[in-house]
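K.L.:
Pasting the sequence and the predicted coordinates here, then a few questions.
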Amino acid sequence: MIVDQELVDLVALAFAEQEPRRDYWLERKQALKDCLDTMPTRSKLLLRLKYDQGLSALNVAKRLCQSADAVLKALSRIRQMLRQCAEKKLKLQGVRV
């Protein structure tokens, strides 16, 4: 499954931090895209439903036959994993995180 640019942009917005350096955000966006490309299909689906389609956790849960708590926990873990993955990639590139 190929990750579309809109999803990358939406995930980058989810990490909206006040960082004035434009180059940092371009590098972070690329790192996030690289991390998203390697994610399991199910994780990408959760992100799409939540951030691309704008569904609430409850509606995502209904669609996937899960509890809202399970969806919220999964999204939290996915965001944490993406943050760690992106920061690791940036550090390997010598970018100050």
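P.N.:
Thanks, I have it. Numbering: from 1, shown residues only.
K.L.:
Tally up the residues packed near the closest residue to residue 7 other than its chain neighbours, please.
P.N.:
In space, and not counting its chain neighbours, residue 7 is closest to residue 52: 5.7 Å by Cβ to Cβ, 6 or more residues apart in numbering. (C-beta placed from N, C-alpha, C; glycine too.) By other Cβ atoms under 10 Å, the residues close to residue 52 number 15.
K.L.:
contacting residues for residue 52?
P.N.:
Listed by Cβ atoms under 8 Å, 6 or more residues apart in numbering, the contact set of residue 52 reads 6, 7, 10.
K.L.:
Roughly how far does residue 35 sit from residue 89?
P.N.:
Here the criterion is Cβ to Cβ, to the nearest Å. By it, residue 35 lies 7 Å from residue 89.
K.L.:
Revised request: answer the last question for residue 82.
P.N.:
From residue 82 to residue 89 the distance is 11 Å (Cβ to Cβ).
K.L.:
All the helices of the chain, in order from the start?
P.N.:
Taking DSSP state H as the test, the helices found in the chain are 5-14, 22-37, 41-47, 57-64, 68-92.
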